[in-house]
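From the sequence below, what's the structure:
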Amino acid sequence: MADKSGAYAAKAGDTDFRKKWDKQEYAERARKKDDEERERMQENEERMKQGKAPRKGRKEDIPKPTELMKRREQSLDLDKNLGKTMVVQHPGGRGPGQPGFYCETCNRTYKDTTGYLDHINGRSHLRKLGQTTRVERSTLEQVRARIAFLREKTKEASTAKSFDFDKRLAEVKAQEATRREEKKAHKQAQKEQARILLAKESTMEVDDETAAVMGFGGFGSTKK
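Residues are numbered from 1 along each chain as shown. Alright, predicted model coming up:
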């Protein structure tokens, strides 16, 4: 009797080509998940006894913060994509290719600036950065240095503004002088044109009077 073989020269009853699942590994995963769920339920019971809201998901294993909240050194550039067209790489997915404001630290995308700012200033984001929500208390020397820096910055800004004002004033004066010169030249041109026209009219009147004196009254017809 001929042996039954499949398309890949394998016996029909041979299933070695199929993927083999590690039952022990998946059993361990299930046991670990059950333990986490049991711990969450116990913790929620304790929280409810204390009058707190229960946790819905599993607690992330985030290390405790080791430093106080720090001031951001770089601008967030929230308006860098304003008025631009973006190509969505993975519609409905998660990651930096989505429209909105993406947080690389937490791998989350927010649709507006309000939600994004609330997130980066929130406890969860700061915990992943290793920071607490407490701000470091400034010393007297730091406050004095900051005041001196702001005073110098304000002085430079006022000086630059004064310089710009003087420059603008000089430009306005120059424009007014140029406008006055143009207006004066236009008036002189009009006066010269009127003088020439008046001279022509006077010449024509003298010619008519001279012709009348010499008997040239006109060239009209003598028929009656």
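
quick one, strands of the protein?
Per DSSP state E, the chain carries strands over the ranges 67-69, 101-103, 108-110, 131-135.

Out of those, flag the one nearest residue 180.
strand 101-103 (56.0 Å; CB to CB). In short, each C-beta sits where N, CA and C put it, glycine included.

Check which helices and strands that closest one is in contact with.
Contacts defined by 3 or more CB pairs under 8 Å, 6 or more residues apart in numbering; DSSP states H and E place strand 101-103 against strand 108-110, helix 113-120.

could I get these as CSV with mean neighbour count?
Putting these into CSV (neighbours: other CB atoms under 10 Å) gives the following:
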stretch, mean neighbour count
strand 108-110, 18
helix 113-120, 14
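
In JSON lines, list the strands of the chain along with distance to residue 149 and mean pLDDT.
Shown next, in JSON lines, are the strands of the chain (distance: least, CB to CB, whole Å; pLDDT from 0 to 100):
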{"stretch": "strand 67-69", "distance to residue 149": "21", "mean pLDDT": "82"}
{"stretch": "strand 101-103", "distance to residue 149": "30", "mean pLDDT": "86"}
{"stretch": "strand 108-110", "distance to residue 149": "33", "mean pLDDT": "86"}
{"stretch": "strand 131-135", "distance to residue 149": "19", "mean pLDDT": "83"}
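
As JSON lines, those with distance to residue 186 would be great.
Shown next, in JSON lines, are the strands of the chain (distance: least, CB to CB, whole Å):
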{"stretch": "strand 67-69", "distance to residue 186": "69"}
{"stretch": "strand 101-103", "distance to residue 186": "60"}
{"stretch": "strand 108-110", "distance to residue 186": "63"}
{"stretch": "strand 131-135", "distance to residue 186": "68"}
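
Of the ones you listed, which is nearest residue 171?
strand 101-103 (42.8 Å).

How about that closest one, which residues are buried there?
101-102 (16 or more other CB atoms under 10 Å).

What strands line up against it, and which way round?
Using DSSP bridges, strand 101-103 pairs in its sheet with strand 108-110 (antiparallel).

rewinding a little: weakest of the helices and strands packed on strand 101-103 in terms of mean pLDDT?
Lowest mean pLDDT of the helices and strands packed on strand 101-103: strand 108-110, a mean of 86.
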